[in-house]
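K.L.:
Mind folding the following:
(chains A and B, ligands or ions: 3)
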Amino acid sequence: MHDNEHTSHHHEESFISKYIFSLDHKTIGKQFLIYGLIMFFVGGGLALLFRWQLAYPERPLPIIGASQQYMDEGEVATGADRMWERIYESEKEEWLEVNMPNGVIEPAFYNMLFTMHATIMVFFVIVPILVGTFGNFLIPLMIGTRDMAFPILNMLSFWLAVLAAIVMAIGFFVPGGHAAAGWTGYAPLSSDPQWTGVDWGQNLWAISLLIQGFSSLVGSINYITTVINMRAPGMTFFRLPLVIWSLFIVAILLLLAFPVLTSALALLIFDRLAGTTFFSATAEGGGDPLLWQHLFWFFGHPEVYILILPGMGIASELIAVFSRKPIFGYRSMVYAMIAIAFLGWIVWGHHMFQSGMRPGLGSVFMTTTMLIAVPSAIKTFNWLGTMFRGSIRFTTPMLHGIAFVSMFVIGGLSGIYMANTPVDIFIHDTYYIVAHIHYVVFGGSLFAIFGGIVFWFPKMYGRYMNDTLSKIHFWLTFIAFNCTFFPMHILGVGGHMRRISNPMQYEFLQGFEGMNIFITMSAFTLGFAQLILVFNFFWSMYRGKVAEQNPWQVNTLEWEAPTPVPHGNFGQIPTVYRGPYEYSVPGEEEDWVPQAQPEHAPATSGD
Amino acid sequence: MLQWLPENVSTFGQGVDNLFYAIYYITLVVFILVMGTLIVFLFKYRHQEGQRAHYIEGSTTLEIVWTAATTVIVFGLAMFSYPQWNNIKSPTEFPDNPDVVVQVSGKQFNWDMIYPGPDNELGTDDDLTLENELHVPVNAVVHIRLTATDVIHSFFVPQLRLKQDALPGRSINVWFEATKAGRYEIPCAELCGFGHSGMLGYLNVHTQADYDAWLQERWPQ
Ligand code: HEM
Ligand SMILES: [Cu+2]
Ligand SMILES: [Cu+2]
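P.N.:
Ligands and ions are numbered 1, 2, ... in the order given. Next comes the predicted model:
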């Protein structure tokens, strides 16, 4: 990071207070970004491990796996064989020996892998980047203020997240292994160690998420207060950029949803450590396994909207800026998000259609779920409307914005199948669900994140990301993503269950071996393509082309601040005169009118 | 895409498949329209030298039209689904007088099929427990009392279009009527521990004659 900040009125800070325990919202945002990217690689690595097992069940992993010869005859032939030999000869039970003897993934380890993959991706990648990075970086800059309302809480929020990550990481190495009951942690599998043999792994999983819950809570209080109280003069609610609206709504959802998970986790810990039976249907206890599901999904469904709303916000910015047009139906976009936030509270039962919940409730939840598809559709049509008669620039951020819209369309449409109770009987707990999740969260949220990183990078680091690399990354990711996840719809239609480690154990799934191999190869391509992003990210931080103050010609306030943005953001707090999307206003010479540009007499000459 | 569906062999399965197909064609049309529009827009409204975007803030009429259209479609679908769903899952709507009643109990990592025996009552001495093998006659109404002894499992027969979680501490009523004799797999569809993958039972649908023979063999008179 370059320190060419003008040493103006404020004092020099030490390295520690500047980069480690920083109170500056921009630095905290960047810290969350690095954090999220590191966790992204951990989560992705886990996925590649279990994808190998799905394509080549019971076969040793490449590179670290033992050779066939060694496994059959015990004859050491390769370097990996020697490693295994050493491990078996050692006195103590080595981690590798327990989890993947000879490099073959054990079923229990497999369960741990997908459990931790999803847990990390949801709680340690998508939320920290969307909310932690973009929330922190953008809110003060875009509403025109100098920092968050509570900078110390803000710092606390980041360091709690680090603590949560450390606790989660320790879980991998405790006896019994890490949590292996799915990211949804259904009880009693999760609540009683005797059913999995997982001991402290599951406890640490719960404790880590508890801490992460506090981190989110602290962060969300900060965001809400900041947006309500600290907007620049003239920045009315209906002049807020949509990404700020989305982050504001998400902060409210986080504030209300996370405590439900926190309570459920506390009960889970009591069940595991104090002998209570909230989630076990034992004769003496009187608990109920379905209680966990109700609590989890009452949190979980708002959570999935927490994962997508900021993505929608980012995509709206990108599409408006690069179509050089106002957002089509700005107010209906805002109302649609508010509607989603409200309806999100009354649809949780759609995850439980086959759970044994009273069937009548299934019909009720089908109705509410169908209802929530409506605002989602409205948003899609409005994005199309924004491009209509625009002047579209195919910059890399815009490519990601377009990818977001198209992938979200697929994810939204697949949601309709599952919302339909009779059809869900068949596709529930199959790869159809896995396809849906990934189209909305990877195809949706993650493309928005990538687009957002490329778009705001010049403001974050004062330099551009290398465009060639960004484009290669985009196309590789886009193609490999679709090759990986689209076929999962077909697996689901074939009845292929999720969370099984070896599909070849089933007669009716024999025909899917080729497809599973294809998916795994695409997944590896997808994984390795992400290395381009990381290389580009760090390389450009130091070597990228130096960016001017407002390279994309954007109206919103963050681009009024000097680049790189100094402590305190603005020399003088800007005053806002108009909405955020005044692009291509007739009569104006330029095709953009910054929010902070004072009113002036319209130019006399037409265009 | 839907040719990948396993063959349907239950009476209510056709209804599920019809809904599946209906949604498939509706979403396919919507998908083609939306993506087609997107591609046309991307091409037609790409940036060209000397051309400016048109300043359009929105259209209330359009907002109303597409809100109404989406609402009608999704609720139309829901209307067709309620009866199917109730038919399959609501115990009050099950066909009465089942020909066979069996208790199925999931446990790590097997399905116990418990037959009530000649007295037709579960929990008596003549009960017969078979591990992982369920036998029923074709074209007969079968009622299952589904439960579990340890964790949650899920009773899934892809060809019947039937899936229901089995919960410890509860007995859930399930029914089906198979229309074709054969041997079908009953995978467990809910993560239940390290042996979840491979937890597999079999549904043997016999012709009436074969079924009678099987009964005779089990409970000789
Ligand atoms: C049109 C809108 C949507 C509808 C109708 C819809 C419907 C559903 C339904 C019914 C399920 C449960 C399926 C089952 O387990 O049988 C589900 C699962 C899921 N949805 Fe959606 N969804 C929509 C949008 C989204 C969005 C925007 C996200 C997140 C970004 C999302 C994330 C998820 C996730 C993560 C799961 C799976 C959870 C699990 O079991 O692991 N969905 N969706
Ligand atoms: Cu949901
Ligand atoms: Cu199972």
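K.L.:
how about stretch B:83-99: buried residues?
P.N.:
Buried residues in stretch B:83-99, defined by neighbour count with 16 or more other Cβ atoms under 10 Å in any protein chain shown: B:Q84, B:W85, B:N86, B:N87, B:I88, B:K89, B:F94, B:P98. (Each C-beta comes from the backbone N, C-alpha and C, glycine too.)
K.L.:
what's around residue 172, how many residues?
P.N.:
Picked chain A for this. 17 (other Cβ atoms under 10 Å in any protein chain shown).
K.L.:
wrong chain, I was asking about chain B
P.N.:
B:I172 - counted by other Cβ under 10 Å - has 20 other residues nearby.
K.L.:
And the one 10 residues further on, by the same measure?
P.N.:
By other Cβ under 10 Å, the residues close to B:G182 number 13.
K.L.:
and it, bridged to which residues?
P.N.:
B:V205 (DSSP bridges).
K.L.:
Spit out the contact partners of the nearest residue to A:F124 once chain neighbours are set aside.
P.N.:
Spatial nearest neighbour of A:F124, excluding adjacent residues (Cβ to Cβ, 6 or more residues apart in numbering or on different chains): A:M39 at 4.1 Å. A:M39 makes contact with A:I120, A:F124, A:V125, A:P128, A:A165, according to Cβ atoms under 8 Å, 6 or more residues apart in numbering or on different chains.
K.L.:
Mind doing that once more with 6 Å?
P.N.:
By Cβ atoms under 6 Å, 6 or more residues apart in numbering or on different chains, the contact set of A:M39 is A:I120, A:F124, A:V125.
K.L.:
Next: A:I120.
P.N.:
A:M39, A:V42, A:G43.
K.L.:
Which single one of these is nearest to chain B?
P.N.:
A:G43 (18.7 Å; Cβ to the nearest Cβ).
K.L.:
That closest one belongs to a strand?
P.N.:
No - per DSSP: H, G, I helix; E, B strand; the rest coil, A:G43 lies outside any strand segment and is helix.
K.L.:
could you measure the residue lying closest to B:K180 once chain neighbours are set aside against ligand 3, distance?
P.N.:
Closest residue in space to B:K180, ignoring its immediate chain neighbours: B:V9 at 4.3 Å, by Cβ to Cβ, 6+ apart. According to Cβ to the ion, to the nearest Å, B:V9 stands 23 Å off from ligand 3.
K.L.:
Can you check which helix is longest in the chain?
P.N.:
Since you didn't name a chain, this refers to chain A. When chain A is parsed with DSSP state H, its longest helix is helix A:289-323.
K.L.:
Wait, chain B was what I had in mind.
P.N.:
helix B:13-44.
K.L.:
how big is the angle separating that helix from helix A:289-323?
P.N.:
Relative orientation of helix B:13-44 with respect to helix A:289-323: 20 degrees, computed using axes from the mean of the first three to the mean of the last three Cα atoms, to 10 degrees.
K.L.:
TSV for the buried residues of stretch B:83-99, including secondary structure, pLDDT and distance to A:S14?
P.N.:
Formatted as TSV, the buried residues of stretch B:83-99 follow (DSSP: H, G, I helix; E, B strand; the rest coil; pLDDT from 0 to 100; distance: Cβ to Cβ, whole Å):
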residue	secondary structure	pLDDT	distance to A:S14
B:Q84	helix	94	67
B:W85	helix	95	64
B:N86	helix	95	68
B:N87	helix	95	71
B:I88	helix	95	67
B:K89	helix	95	65
B:F94	coil	92	73
B:P98	coil	91	78
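K.L.:
any chance of the residues you listed in TSV, with distance to A:M460 too?
P.N.:
What follows is the buried residues of stretch B:83-99, written out as TSV (distance: Cβ to Cβ, whole Å):
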residue	distance to A:M460
B:Q84	52
B:W85	50
B:N86	55
B:N87	57
B:I88	53
B:K89	52
B:F94	61
B:P98	66
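K.L.:
Tell me the one among those nearest to A:I207.
P.N.:
Nearest to A:I207, judged by Cβ to Cβ, of the buried residues of stretch B:83-99 is B:K89 at 37.7 Å.
K.L.:
Against B:A166, how distant is the closest residue to that closest one other than its chain neighbours?
P.N.:
Closest residue in space to B:K89, ignoring its immediate chain neighbours: A:P359 at 4.0 Å, by Cβ to Cβ, 6+ apart. Separation of A:P359 from B:A166 (Cβ to Cβ, to the nearest Å): 16 Å.
K.L.:
Same drill for these two, tell me which one is more crowded.
P.N.:
Remark: of A:P359 and B:A166, B:A166 carries more neighbours, 27 against 18, as counted by other Cβ under 10 Å.
K.L.:
Enumerate every residue touching that one.
P.N.:
Going by Cβ under 6 Å, 6+ apart, B:A166 touches B:G106, B:L146, B:T147, B:A148, B:H153, B:F155.
K.L.:
what about the third one, which helix or strand?
P.N.:
This means B:T147. strand B:141-148 (DSSP states H and E).
K.L.:
Mind giving me the packing neighbours of that strand?
P.N.:
If you count contacts as 3 or more Cβ pairs under 6 Å, 6 or more residues apart in numbering or on different chains; DSSP states H and E, strand B:141-148 packs onto strand B:100-107, strand B:162-166, strand B:172-177.
K.L.:
Ligand 3 contacts on chain B?
P.N.:
Residues of chain B found near ligand 3 (Cβ under 5 Å from the ion) are B:H153, B:C188, B:C192, B:H196, B:M199.
K.L.:
what do you get if the cut-off is 8 Å, keeping everything else the same?
P.N.:
Counting by Cβ under 8 Å from the ion, chain B comes close to ligand 3 at B:106, B:109, B:153-154, B:188-193, B:195-196, B:199.
K.L.:
is it possible to export these to JSON lines including pLDDT and distance to chain A?
P.N.:
As requested, the residues of chain B next to ligand 3 are arranged in JSON lines below (pLDDT from 0 to 100; distance: Cβ to the nearest Cβ, whole Å):
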{"residue": "B:G106", "pLDDT": "96", "distance to chain A": "12"}
{"residue": "B:F109", "pLDDT": "93", "distance to chain A": "10"}
{"residue": "B:H153", "pLDDT": "97", "distance to chain A": "10"}
{"residue": "B:S154", "pLDDT": "97", "distance to chain A": "6"}
{"residue": "B:C188", "pLDDT": "97", "distance to chain A": "8"}
{"residue": "B:A189", "pLDDT": "97", "distance to chain A": "4"}
{"residue": "B:E190", "pLDDT": "97", "distance to chain A": "6"}
{"residue": "B:L191", "pLDDT": "97", "distance to chain A": "5"}
{"residue": "B:C192", "pLDDT": "96", "distance to chain A": "6"}
{"residue": "B:G193", "pLDDT": "94", "distance to chain A": "6"}
{"residue": "B:G195", "pLDDT": "95", "distance to chain A": "7"}
{"residue": "B:H196", "pLDDT": "96", "distance to chain A": "7"}
{"residue": "B:M199", "pLDDT": "95", "distance to chain A": "9"}
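K.L.:
Show me which of these are buried.
P.N.:
Here, 16+ other Cβ under 10 Å leaves B:G106, B:F109, B:H153, B:S154, B:C188, B:A189, B:E190, B:L191, B:C192, B:G193, B:H196, B:M199 buried among the residues of chain B next to ligand 3.
K.L.:
Now the first one: closest residue in space, sequence neighbours ignored.
P.N.:
Which is B:G106. Distances taken as Cβ to Cβ, 6+ apart put B:H153 closest to B:G106, at 3.1 Å, once the chain neighbours are dropped.
K.L.:
Cool, thanks, talk later.
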